[in-house]
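In: coords below, sequence missing:
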(Lines give C-alpha, C1' and ligand atoms only; values in the text may rest on other atoms or scores of the structure.)
Protein backbone atom coordinates (compact mmCIF):
# COMPACT_ATOMS: atom_id res chain seq x y z
CA UNK A 1 0.00 0.00 0.00
CA UNK A 2 1.30 3.39 -0.92
CA UNK A 3 1.99 5.77 1.95
CA UNK A 4 1.77 3.13 4.70
CA UNK A 5 4.95 2.54 6.66
CA UNK A 6 5.22 -0.32 9.15
CA UNK A 7 6.16 0.63 12.70
CA UNK A 8 9.91 0.24 13.22
CA UNK A 9 11.01 -2.82 15.16
CA UNK A 10 12.32 -2.33 18.67
CA UNK A 11 15.84 -3.67 19.20
CA UNK A 12 16.76 -4.45 22.80
CA UNK A 13 20.31 -4.42 24.13
CA UNK A 14 22.12 -4.11 27.44
CA UNK A 15 22.44 -0.48 28.52
CA UNK A 16 25.92 1.01 28.78
CA UNK A 17 27.26 3.90 30.85
CA UNK A 18 27.35 5.85 27.58
CA UNK A 19 23.52 5.72 27.59
CA UNK A 20 23.14 7.61 30.90
CA UNK A 21 22.41 11.05 29.38
CA UNK A 22 19.84 9.60 26.97
CA UNK A 23 18.28 7.51 29.73
CA UNK A 24 17.97 10.57 31.96
CA UNK A 25 16.05 12.37 29.20
CA UNK A 26 13.88 9.32 28.48
CA UNK A 27 12.97 8.89 32.16
CA UNK A 28 12.06 12.57 32.54
CA UNK A 29 9.91 12.57 29.37
CA UNK A 30 8.15 9.39 30.41
CA UNK A 31 7.45 10.58 33.95
CA UNK A 32 6.28 14.04 32.97
CA UNK A 33 3.84 12.86 30.33
CA UNK A 34 2.72 9.38 31.33
CA UNK A 35 2.41 9.99 35.09
CA UNK A 36 0.76 13.42 34.91
CA UNK A 37 -2.77 12.03 35.33
CA UNK A 38 -1.84 10.18 38.53
CA UNK A 39 0.57 12.59 40.23
CA UNK A 40 0.78 16.35 40.65
CA UNK A 41 3.55 18.03 38.58
CA UNK A 42 5.40 18.98 41.79
CA UNK A 43 5.47 15.31 42.84
CA UNK A 44 6.83 14.29 39.45
CA UNK A 45 9.61 16.88 39.56
CA UNK A 46 10.54 15.89 43.13
CA UNK A 47 10.55 12.19 42.21
CA UNK A 48 12.90 12.95 39.31
CA UNK A 49 15.46 14.15 41.88
CA UNK A 50 16.20 10.56 42.91
CA UNK A 51 13.21 8.26 43.27
CA UNK A 52 13.17 8.00 39.48
CA UNK A 53 16.49 8.06 37.73
CA UNK A 54 19.33 6.05 36.28
CA UNK A 55 20.78 3.40 38.58
CA UNK A 56 24.26 2.77 37.20
CA UNK A 57 24.62 -0.34 39.41
CA UNK A 58 22.04 -2.05 37.18
CA UNK A 59 23.99 -1.03 34.08
CA UNK A 60 27.25 -2.34 35.55
CA UNK A 61 25.50 -5.58 36.53
CA UNK A 62 24.32 -6.10 32.93
CA UNK A 63 20.66 -6.38 33.93
CA UNK A 64 19.40 -3.04 32.59
CA UNK A 65 18.25 -2.73 29.01
CA UNK A 66 17.29 -0.17 26.43
CA UNK A 67 15.03 -0.62 23.47
CA UNK A 68 15.77 1.43 20.39
CA UNK A 69 13.07 2.06 17.83
CA UNK A 70 13.56 4.08 14.68
CA UNK A 71 17.00 5.15 15.92
CA UNK A 72 15.65 6.56 19.22
CA UNK A 73 15.72 5.32 22.80
CA UNK A 74 12.14 4.14 23.21
CA UNK A 75 12.16 2.21 26.49
CA UNK A 76 14.39 1.21 29.37
CA UNK A 77 14.06 -1.20 32.26
CA UNK A 78 15.66 -4.12 33.94
CA UNK A 79 15.84 -6.49 36.85
CA UNK A 80 18.14 -6.74 39.83
CA UNK A 81 19.85 -9.14 42.21
CA UNK A 82 20.12 -6.36 44.80
CA UNK A 83 17.74 -5.32 47.59
CA UNK A 84 17.23 -1.74 46.38
CA UNK A 85 13.59 -1.54 45.27
CA UNK A 86 13.72 1.63 43.19
CA UNK A 87 15.59 4.87 42.70
CA UNK A 88 18.45 6.27 40.71
CA UNK A 89 21.98 6.94 41.89
CA UNK A 90 20.81 10.10 43.69
CA UNK A 91 18.16 8.27 45.78
CA UNK A 92 19.05 8.32 49.49
CA UNK A 93 17.11 5.12 50.30
CA UNK A 94 19.36 2.76 48.35
CA UNK A 95 20.32 -0.56 49.92
CA UNK A 96 23.34 -2.63 48.94
CA UNK A 97 22.35 -6.15 50.02
CA UNK A 98 22.27 -9.05 47.59
CA UNK A 99 19.15 -11.15 47.03
CA UNK A 100 19.26 -14.93 47.33
CA UNK A 101 17.84 -16.76 44.28
CA UNK A 102 15.09 -19.23 45.18
CA UNK A 103 14.43 -17.41 48.45
CA UNK A 104 14.10 -13.70 47.68
CA UNK A 105 12.21 -12.25 44.72
CA UNK A 106 14.22 -10.61 41.94
CA UNK A 107 13.50 -6.89 41.64
CA UNK A 108 11.98 -5.57 38.42
CA UNK A 109 13.41 -2.08 38.15
CA UNK A 110 13.05 1.30 36.49
CA UNK A 111 10.78 0.69 33.49
CA UNK A 112 10.16 3.88 31.53
CA UNK A 113 8.80 4.25 28.01
CA UNK A 114 9.10 7.37 25.91
CA UNK A 115 5.60 8.82 25.31
CA UNK A 116 6.09 8.63 21.52
CA UNK A 117 6.60 4.86 21.83
CA UNK A 118 3.95 4.02 24.44
CA UNK A 119 1.25 1.43 23.78
CA UNK A 120 3.15 -0.55 21.18
CA UNK A 121 3.77 -3.55 23.46
CA UNK A 122 7.39 -2.64 24.18
CA UNK A 123 7.02 -2.86 27.97
CA UNK A 124 5.55 -6.37 27.65
CA UNK A 125 8.49 -7.44 25.48
CA UNK A 126 11.03 -6.00 27.88
CA UNK A 127 9.29 -7.45 30.95
CA UNK A 128 9.32 -10.89 29.33
CA UNK A 129 13.07 -10.54 28.71
CA UNK A 130 13.76 -9.47 32.31
CA UNK A 131 11.59 -12.18 33.85
CA UNK A 132 13.27 -14.86 31.70
CA UNK A 133 16.72 -13.71 32.81
CA UNK A 134 15.71 -13.59 36.47
CA UNK A 135 14.23 -17.10 36.19
CA UNK A 136 17.43 -18.36 34.52
CA UNK A 137 19.40 -16.87 37.43
CA UNK A 138 17.39 -19.01 39.86
CA UNK A 139 14.74 -16.55 41.01
CA UNK A 140 11.23 -17.98 41.35
CA UNK A 141 9.38 -14.71 42.01
CA UNK A 142 9.67 -11.10 40.89
CA UNK A 143 8.72 -8.03 42.89
CA UNK A 144 8.56 -4.37 41.95
CA UNK A 145 7.57 -0.93 43.12
CA UNK A 146 5.23 0.62 40.55
CA UNK A 147 3.84 4.03 39.86
CA UNK A 148 0.06 4.19 39.83
CA UNK A 149 0.08 4.13 36.01
CA UNK A 150 2.63 1.31 35.97
CA UNK A 151 0.56 -0.77 38.39
CA UNK A 152 -2.21 -1.01 35.82
CA UNK A 153 0.25 -2.45 33.29
CA UNK A 154 1.84 -4.89 35.75
CA UNK A 155 -1.58 -6.11 36.93
CA UNK A 156 -2.36 -7.00 33.31
CA UNK A 157 0.83 -9.09 33.34
CA UNK A 158 -0.15 -11.11 36.43
CA UNK A 159 1.40 -9.05 39.21
CA UNK A 160 -0.69 -8.68 42.35
CA UNK A 161 -0.63 -5.73 44.68
CA UNK A 162 1.00 -6.26 48.07
CA UNK A 163 0.62 -2.72 49.37
CA UNK A 164 0.27 0.92 48.44
CA UNK A 165 2.56 3.16 50.45
CA UNK A 166 3.79 6.73 50.45
CA UNK A 167 7.45 7.64 49.97
CA UNK A 168 8.96 10.90 51.13
CA UNK A 169 10.27 13.24 48.44
CA UNK A 170 12.35 16.42 48.61
CA UNK A 171 10.52 19.60 49.55
CA UNK A 172 8.25 17.94 52.09
CA UNK A 173 6.27 16.12 49.38
CA UNK A 174 5.38 12.45 49.19
CA UNK A 175 4.27 10.10 46.45
CA UNK A 176 2.35 6.83 46.51
CA UNK A 177 3.93 3.76 44.98
CA UNK A 178 2.52 0.24 44.77
CA UNK A 179 4.51 -2.87 45.66
CA UNK A 180 3.58 -5.85 43.48
CA UNK A 181 4.73 -9.47 43.07
CA UNK A 182 4.24 -12.51 40.88
CA UNK A 183 5.61 -16.01 40.50
CA UNK A 184 7.91 -16.59 37.57
CA UNK A 185 7.23 -19.59 35.38
CA UNK A 186 9.32 -21.25 32.73
CA UNK A 187 7.92 -20.85 29.20
CA UNK A 188 5.76 -23.74 28.04
CA UNK A 189 7.54 -26.37 25.93
CA UNK A 190 7.30 -25.54 22.24
CA UNK A 191 6.27 -21.93 22.93
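Out: Done, it's in. Owing to the predicted nature of the structure, the values given are computational and were not obtained by experimental measurement.
In: tell me if I'm right that residue 112 and residue 73 touch.
Out: No: using C-beta atoms under 8 Å, residue 112 makes no contact with residue 73, being 9.7 Å away. Bear in mind the C-beta positions are built from the backbone N, C-alpha and C, glycine included.
In: okay, the two: which has more neighbours?
Out: residue 112 (24 against 20; other C-beta atoms under 10 Å).
In: quick one: the closest residue to the more buried one other than its chain neighbours and residue 168, what's the gap?
Out: Leaving aside its chain neighbours, residue 112 sits nearest to residue 30 (4.0 Å; criterion: C-beta to C-beta, 6 or more residues apart in numbering). Here the criterion is C-beta to C-beta, to the nearest Å. By it, residue 30 lies 22 Å from residue 168.
In: those two - which one has more neighbours?
Out: Comparing residue 30 with residue 168 by other C-beta under 10 Å, the one with more neighbours is residue 30, at 22 against 13.
In: quick one, what contacts the more buried one?
Out: 112, 113, 114, 115 (C-beta atoms under 8 Å, 6 or more residues apart in numbering).
In: ok, so of these, who is nearest residue 128?
Out: Residue 128 has its nearest neighbour among the contacts of residue 30 in residue 113, at 14.7 Å by C-beta to C-beta.
In: any idea how many residues pack against that closest one?
Out: Other residues lying near residue 113 total 25 when counted by other C-beta under 10 Å.
In: cheers, nothing more for now.
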